[in-house]
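Enquirer: give me a model of this one.
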Amino acid sequence: MNLLDVQVLGEGGFGIVYSARDLSDRQRVAIKECFPQLFVARSSDKLTVTIKENTPQKTAVFNERLKRFETEFENMNLFFGSSNIVNVRDFFYANG
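Expert: Here you go, the predicted model:
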């Protein structure tokens, strides 16, 4: 996905929401990043996400949160086209 004009809309304990424009169709989109702040941090490249204390327990917790994040996408996608729920366009893994 090629994006333009990316801005942070909000941050919480579970993730970060961005606003951007998709260059392929010029549509304004929201991007939700799984970023549980208690468990992860950004590397010096400002993109890559790493687990803060890379122990088996912390890795398992992070992977569980990531799975819940993916399940949320799958559940929202079931209602694609509904006038009461935001449409989900894509789900992807990037930056660790």
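Enquirer: could you use CA atoms for every contact and neighbour count after this?
Expert: Will do.
Enquirer: list the contacts of the helix or strand hosting M76.
Expert: Secondary structure assignment for M76, by DSSP states H and E: helix 56-77. Under the criterion Cα atoms under 8 Å, 6 or more residues apart in numbering, residues 34, 36, 39, 51, 85-88, 91 lie in contact with helix 56-77.
Enquirer: let's go with 6 Å and repeat that
Expert: V88 (Cα atoms under 6 Å, 6 or more residues apart in numbering).
Enquirer: show me what the host helix or strand of Q7 is packed up against.
Expert: Using DSSP H and E, Q7 maps to strand 3-11. Strand 3-11 makes packing contacts with strand 15-22 when contacts are defined by 3 or more Cα pairs under 6 Å, 6 or more residues apart in numbering; DSSP states H and E.
Enquirer: C-terminal to the strand it packs on, what's the next element?
Expert: Downstream of strand 15-22, the next assigned helix or strand under DSSP H and E is strand 28-34.
Enquirer: what lines up beside the helix or strand just after that following strand in the sheet?
Expert: Next helix or strand after strand 28-34 toward the C-terminus (DSSP H and E): strand 40-42. Looking at strand 40-42 with DSSP bridges, its partner strands are strand 49-51 (antiparallel).
Enquirer: done for today, thanks.
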